[in-house]
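Engineer: curious how this folds, go ahead:
(one chain, ligands or ions: 1)
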Amino acid sequence: MPGLTIAGTGRYLPGRAYTNHDLARVLDTNDEWIRQRTGIVQRHYCPVGQGAADLALPACQEALASAGLEPRDIDFILFNTMTPDHLFPGSGTLVGARLGCAGVPALDFRAQCAAMLYSFQVADALLSRDGIRRILIVGAEAHAALMPWLDREILEGTTQRKPSPEAWELASRHRGWGVVFGDGAGAVVVERSEEQGTGVLAVDLHSDGNDAAQLCIPAGFRVGSYLGGGDPDSTLIHMQGREVFKQAVLRLPRSVEAVCETAGVRVSDVDWFIAHQANQRINDAVCERLGIRPETMPSNIERYGNTSAATIPILLDEMRRDGRLQRGQLICLLAFGAGFHWGSVLVRI
Ligand code: ACO
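Structural biologist: Numbers count the residues shown, from 1 in each chain. Now for the predicted structure:
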């Protein structure tokens with residue numbers, strides 16, 4: 001059976017970074033609370049007028065360049081986002097066209113923060129088909145569009161204006177999630193490999209819609225209330241943060257143990273645990289429960305916040321470029337997110 005190998009990676013973080021102090025201009029929060037509860041210090045936001053496909057394009061171009069490939073070498077695009085440019089079509093077809101891959105099949109995944117794990121499993125299966133040799137896996141998010149504040153000038157401190165009492169109240173009511181998300185894109189080119197023992201060794205994926213209401217944007221196509229029927233709150237994120245936190249800390253260690261058992265390796269054999277960056281405290285608790293050294297679970301949440309489907313490819317790119325990722329290593333990708341969707345994928349790179 002052919003396996004897969006990572007041939008190239010890229011990332012793109014738009015514009016300037018916005019600090020916790022910047023956010024305190026638009027909602028009732030402070031740097032100390034955000035740092036202590038989440039580990040986040042700053043994040044980037046997608047520019048006005050742009051979306052996930054715009055952020056994805058430079059990340060994909062960088063991934064292709066690092067693999068020494070041209071757009072025509074790509075046989076499939078898997079696009080992961082919970083903030084697509086449009087309700088339809090998906091963002092995969094948009095980035096494919098802009099990249100010069102028009103005609104190449106493109107599929108959007110809707111598994112939010114855990115989407116990259118699904119992409120790796122599907123890529124692994126696709127690469128075993130004749131004719132598919134290289135797949136571009138992209139994670140890109142433009143959460144800025146749904147942030148509960150609107151006025152960038154106030155956020156940036158370039159005006160003396162203050163938010164109206166209504167704007168301040170709305171943004172502050174949603175401060176639990178309004179401070180954690182950031183925007184960016186990461187891309188990974190995976191290639192078929194005939195080398196024995198490389199590629200996806202095991203997958204442990206789960207989805208349970210029973211808890212969907214704990215983390216969702218309720219607006220949608222429900223008949224009679226298209227896009228929420230005018231209720232502004234329904235187009236914003238609803239998150240029971242504490243419950244999500246508890247579930248993540250409970251389910252992720254179990255998943256990592258299960259994936260290692262399936263592959264016949266010990267948890268301590270894994271070189272890197274490349275975890276979704278939702279909250280530093282979640283990842284610290286997962287390390288503790290697994291009894292692994294925190295250094296084996298790298299973090300960049302301080303700089304980027306939670307970029308949902310983009311956290312894992314952004315981190316992969318950073319680690320590949322600074323030399324931490326080396327051929328032959330065993331890596332475990334793990335994530336928990338809305339749906340709930342969660343799990344882990346074990347890859348020999
Ligand atoms: N600034 C200041 N105070 C705040 C803020 C803020 N940004 N947000 C909440 N608070 C206050 C609350 O009002 C509350 O105050 P009170 O005690 O006076 O009532 C207090 O802080 C505690 O609020 P909690 O919501 O209980 O805070 P918690 O410690 O749970 O932290 C957080 C909130 C950071 C959201 C945490 O629950 C978390 O990270 N949960 C997991 C989120 C996650 O993983 N999401 C999944 C990924 S996203 C995806 O898949 C789409």
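
Engineer: run through the residues that contact Asn300.
Structural biologist: If you count contacts by Cβ atoms under 8 Å, 6 or more residues apart in numbering, Asn300 has them with 277, 314-315, 318. C-beta coordinates here come from the backbone N, C-alpha and C atoms, glycine included.

Engineer: now do the contacts for the residue of the stretch 151-300 of the chain at minimum distance from the ligand.
Structural biologist: When scored by Cβ to the nearest ligand atom, the stretch 151-300 of the chain has Gly241 as its residue closest to the ligand, at 2.7 Å. Residues in contact with Gly241 (Cβ under 8 Å, 6+ apart) are 176-177.

Engineer: check Ala263 too.
Structural biologist: Taking Cβ under 8 Å, 6+ apart as the contact definition, Ala263 lies against 201-202, 346.

Engineer: my read is Asp211 is in a strand, agree?
Structural biologist: No - assignment of Asp211 by DSSP: H, G, I helix; E, B strand; the rest coil gives helix, placing it outside any strand.

Engineer: burial measure for the residue nearest to it when sequence neighbours are not counted, as a count.
Structural biologist: Leaving out its chain neighbours, the residue that sits closest to Asp211 by Cβ to Cβ, 6 or more residues apart in numbering is Phe340, at 5.3 Å. The tally of other residues near Phe340 (other Cβ atoms under 10 Å) stands at 23.

Engineer: so Phe340 touches Ala213, yeah?
Structural biologist: No - proximity of Phe340 to Ala213 does not meet the contact threshold set by Cβ atoms under 8 Å, at 10.7 Å.

Engineer: on that earlier part again, and the pLDDT at the residue nearest to Asp211?
Structural biologist: Reading off the per-residue confidence, Phe340 sits at a pLDDT of 98.

Engineer: now the longest helix seen in the chain: mean pLDDT?
Structural biologist: Within the chain, and with DSSP state H defining each element, the longest helix by residue count is helix 241-263. Helix 241-263 shows a mean pLDDT of 97 in the predicted model.

Engineer: and that helix, how far out from the chain middle?
Structural biologist: 17 Å (Cα atoms, centre = their mean, to the nearest Å).

Engineer: looking at the contacts of Asn300, which are in helices?
Structural biologist: In this view, the contacts of Asn300 that belong to helices under DSSP H are 314-315, 318.

Engineer: would you turn these into TSV with distance to the ligand and neighbour count?
Structural biologist: Listed next are the ones in helices among the contacts of Asn300 as TSV, based on distance: Cβ to the nearest ligand atom, whole Å; neighbours: other Cβ atoms under 10 Å:
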residue	distance to the ligand	neighbour count
Ile314	15	26
Leu315	15	27
Glu318	20	18
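
Engineer: closest to Arg98 among those?
Structural biologist: Using Cβ to Cβ, the shortest approach to Arg98 within these belongs to Ile314, at 19.8 Å.

Engineer: wait, doesn't that closest one sit right on Ala187?
Structural biologist: No - between Ile314 and Ala187 there is no contact, the gap being 9.4 Å when judged by Cβ under 8 Å.

Engineer: show me whatever sits in contact with both of the two.
Structural biologist: Counting by Cβ under 8 Å, 6+ apart, the contacts common to Ile314 and Ala187 are 11, 139.

Engineer: quick one on the thing from earlier: of all the contacts of Ala263, which comes closest to Val223?
Structural biologist: Top of the list for closeness to Val223, among the contacts of Ala263 and by Cβ to Cβ, is Ala202 at 41.4 Å.

Engineer: any idea which helix or strand comes after the longest helix of the chain?
Structural biologist: Once helix 241-263 ends, the next helix or strand along the chain (criterion: DSSP states H and E) is strand 272-275.

Engineer: list the buried residues in that following strand.
Structural biologist: Taking 16 or more other Cβ atoms under 10 Å as the neighbour-count basis, strand 272-275 is seen to contain the buried residues 272-275.

Engineer: want to throw those into JSON lines with distance to Arg266 and pLDDT?
Structural biologist: Output for these, formatted as JSON lines (distance: Cβ to Cβ, whole Å; pLDDT from 0 to 100):
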{"residue": "Trp272", "distance to Arg266": "15", "pLDDT": "98"}
{"residue": "Phe273", "distance to Arg266": "13", "pLDDT": "98"}
{"residue": "Ile274", "distance to Arg266": "18", "pLDDT": "98"}
{"residue": "Ala275", "distance to Arg266": "18", "pLDDT": "98"}
